[in-house]
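Participant: 3D, please:
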Amino acid sequence: MGKVRLTVFASGFGSTLEYLLKYEKREKPKWRVIGVVSDNPSARALKVAEDYGIQHALISRREYLTAGDFDKAILRAVHAQRPDIIFLLGYLKMIGSDLTQEFAGRMFNSHPSLLPKHGGKGMFGRAVHDSVVRAGDFESGVTIHEVNDRYDDGRTLLQQRVPINPAWSVEELEEKIKAIEKELIVVFLNNYCSRRGGPA
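Facilitator: Okay, here's the model as predicted:
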C-alpha cells in the first residue's frame, strides 16, 4: 500500500509543518504531506510548502461574498489535493460542515491545552497559555482531537500532560508546549497510519 496522504491546514508561521516535513524526509514514515491549505496570504506555511515542492492553495475569506462560498472553495482545494486525512496546524477559521462530514474521523487538530479546558473560539496561540497561567492551573498539555463544525469540540484522541512550574512565564509555558506538541503529532500520525494500514 502507498503512504497515507496528508493535507495540512495552516494560518501562520508553519513551524510544525516544517518539523513534519523534516521528520518525513529523515524517517520515511507511513504518511506524507502532499498539500497545504491556508486562509492567510501572509502565512509562512505557504512559503514552506513552496520550498518543499508541495501543492498549496491560498483561500482567503476576503475574496468570497459569503461563508458558504468560502467553504465551497476550501472543499474544491481539498478535492484537488486528494488527501486521505487532514491535520489542522494553527488553522484559525471555522471548518464548514460539508468538509467535516466528508472527512469525519479523518480530520484532526492539535490544541495546546488539556481540552475541554481553555478551548473554544478565540483560544489559540499565546491566548491559551495566558488563560492557563491566569487560572493558576498546576498542569497543561496538548490535546489531539477530531474536528467537527464547532471550535475544539471533537472527540479527544490523544493527550499529553505537562506539569507547570509556577515560576514559568506565559512565554516559557508556550515554548514547552510547542516542543511537546510537535512530537505528539508525530506519535499520533505514526500510530494512526499503523492502525489504518495505508490508504483505502
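
Participant: So for the helix or strand hosting Asn109, mean pLDDT?
Facilitator: Element membership of Asn109, judged by DSSP states H and E, is strand 107-111. The average pLDDT for strand 107-111 rounds to 97.

Participant: For it, name the packing helices and strands.
Facilitator: strand 85-88, strand 139-146, helix 170-196 (3 or more CB pairs under 8 Å, 6 or more residues apart in numbering; DSSP states H and E). Where you see a C-beta, it was placed from the backbone N, CA and C, and this is true even at glycine.

Participant: so the longest one versus strand 139-146, what angle?
Facilitator: Right, the one you point to is helix 170-196. 40 degrees (axes from the mean of the first three to the mean of the last three CA atoms, to 10 degrees).

Participant: and the angle from helix 170-196 to strand 107-111?
Facilitator: Going by the same axes, to 10 degrees, helix 170-196 makes 150 degrees with strand 107-111.

Participant: In helix 170-196, which residues are buried?
Facilitator: Residues 170, 173-174, 176-177, 180-182, 184-186, 188-189, 192-193, 196 are the ones in helix 170-196 that count as buried (16 or more other CB atoms under 10 Å).

Participant: Please determine how far Tyr91 is located from Gly136.
Facilitator: Here the criterion is CB to CB, to the nearest Å. By it, Tyr91 lies 30 Å from Gly136.

Participant: Of the two, give the one with the bigger neighbour count.
Facilitator: Taking other CB atoms under 10 Å, Tyr91 and Gly136 do not tie; Tyr91 has more neighbours (23 against 8).
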